[in-house]
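A.B. asks: just coords:
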């Protein structure tokens, strides 16, 4: 098993690291693993790389992995790719302040992490059955918002250290 211990950068923040991974896709010292969002919060993790290589991750306890991070150890660099997950996005362009406050209150009562866009909020969902729950929760705003179900890489807003119930 190859072991990695250090986050050395992120391909979305550092063009040099991104280019390095692009040009070494067939190099055995460059691996890619696909990780669930919940597992990104762990500091110890065992994963299989895309090529089947076993990878052991053991990073500092105060660090958190994110989509696009590159880890290093045992003369190998490992790219973290977050697995897309089901989400519901609430689009609210042009919503008046009173309705925005109501929307925030409803979403806050769900105790879920959120990802903020310019005119939208995305929330991870656990099952298809939750779609009806969201429609019911937002019934008073139904004519003012758009609900979009999609599979995407969900990254909670950085200032929100929350947990789901």
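C.D. replies: Perfect, thanks for sending it. All values derive from a computational prediction rather than experimental measurement.
A.B. asks: Could you identify the helix or strand that succeeds the helix or strand bottoming out on mean pLDDT in the chain?
C.D. replies: Ranking every helix and strand in the chain by mean pLDDT, DSSP states H and E puts helix 130-137 at the bottom, with a mean of 88. Elements were assigned by DSSP states H and E; along the chain past helix 130-137, the next helix or strand is strand 146-152.
A.B. asks: and the least confident helix or strand of the chain with strand 146-152, angle?
C.D. replies: 150 degrees (axes from the mean of the first three to the mean of the last three Cα atoms, to 10 degrees).
A.B. asks: Quick one: residues in contact with helix 130-137.
C.D. replies: Judged by Cβ atoms under 8 Å, 6 or more residues apart in numbering, the contacts made with helix 130-137 from elsewhere in the structure are 88, 106, 110, 123, 125, 142, 147, 149. (Each C-beta comes from the backbone N, C-alpha and C, glycine too.)
A.B. asks: for those, which one is nearest residue 2?
C.D. replies: Among the contacts of helix 130-137, residue 125 lies closest to residue 2 (Cβ to Cβ), at 34.3 Å.
A.B. asks: so which strand or helix has the closest residue in space to the closest one that isn't next to it in sequence?
C.D. replies: Nearest residue to residue 125 in three dimensions, chain neighbours excluded: residue 86, at 4.9 Å (Cβ to Cβ, 6 or more residues apart in numbering). Element membership for residue 86, per DSSP H and E: strand 85-91.
A.B. asks: Buried ones from the contacts of helix 130-137, can you make that a PyMOL selection?
C.D. replies: Selecting only the buried members of the contacts of helix 130-137 in PyMOL, with burial defined as 16 or more other Cβ atoms under 10 Å, works like this:
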select buried, resi 88+106+123+125
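A.B. asks: one step back: now do the strand holding residue 86: which elements does it pack against?
C.D. replies: Under the contact criterion of 3 or more Cβ pairs under 8 Å, 6 or more residues apart in numbering; DSSP states H and E, the helices and strands touching strand 85-91 comprise strand 120-124, helix 130-137, strand 146-152.
A.B. asks: Kind regards, and thank you for your time.
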